[in-house]
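S.K.: Quick one: sequence and predicted model below, then my questions.
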Amino acid sequence: QGQLVESGGGMVQAGGSLRLSCAPSVRTLSRPAMGWFRQAPGKEREFVAAISWSAGSEYYADSVKGRFTISRDNAGITIYLQMNSLKPEDTAVYYCAATNSRIKFYYTKAHEYDYWGQGTQVTVSS
């Protein structure tokens, strides 16, 4: 853990937007499959969004579909999570994850990822 660095969290009112970023702190990854997870107090960590190691594949949890967008920079290492129309129930610590696995195009289970960030707090007030 700690080989990815998230940024962009903060506090916003319901209906607002935030953009999270995630980049590796060490260059050990070669265009990895990456994802975002979140964990609210007293709840288990849950999948939010994933992006493939190849171009063109994204996957979202039903709870964020249509509101959140995951993307990757041209270098293929830094990813972003654009969060629009935020709701109080989106409040959580958001974690970035990465894996060099090529078994699937993208991954939605936490145990499928090898590298994690420390997390960034997102708080949405009503």
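M.R.: All right, it came through fine. If you're wondering where the values come from, they're calculated on a predicted model, not measured in any experiment.

S.K.: Pass me the low-pLDDT residue ranges in the protein, would you?
M.R.: For the chain, applying pLDDT under 70 flags the ranges 1-2, 26-29, 56.

S.K.: Quick check, central residue of it?
M.R.: Trp36 (2.1 Å; Cα atoms, centre = their mean).

S.K.: What distance do you get for the residue lying closest to that residue once chain neighbours are set aside to Cys22?
M.R.: Of all residues not flanking Trp36 in the chain, Val48 sits nearest, at 4.3 Å (Cβ to Cβ, 6 or more residues apart in numbering). Any C-beta I mention is one placed from the backbone N, CA and C, and that applies to glycine too. As judged by Cβ to Cβ, to the nearest Å, Val48 and Cys22 stand 12 Å apart.

S.K.: what is in contact with these two at once?
M.R.: Taking Cβ atoms under 8 Å, 6 or more residues apart in numbering as the contact rule, Val48 and Cys22 both touch 36, 81.

S.K.: ok so, going back, would you confirm that the residue nearest to the centre of the chain contacts Arg45?
M.R.: No - contact criterion Cβ atoms under 8 Å: Trp36 and Arg45 do not qualify, at 10.8 Å.

S.K.: Next, show the common contact partners of the two.
M.R.: Taking Cβ under 8 Å, 6+ apart as the criterion, Trp36 and Arg45 both touch Tyr95.

S.K.: which stretches of the protein form strands?
M.R.: With DSSP state E, the ranges of strands along the chain come out as 4-7, 10-13, 18-24, 33-39, 46-51, 58-60, 68-72, 79-83, 92-99, 115-116, 120-125.

S.K.: Could you list every helix and strand in contact with the last one?
M.R.: Spelled out, it's strand 120-125. In this structure, strand 120-125 packs against strand 10-13, strand 18-24, strand 92-99, with contacts taken as 3 or more Cβ pairs under 8 Å, 6 or more residues apart in numbering; DSSP states H and E.
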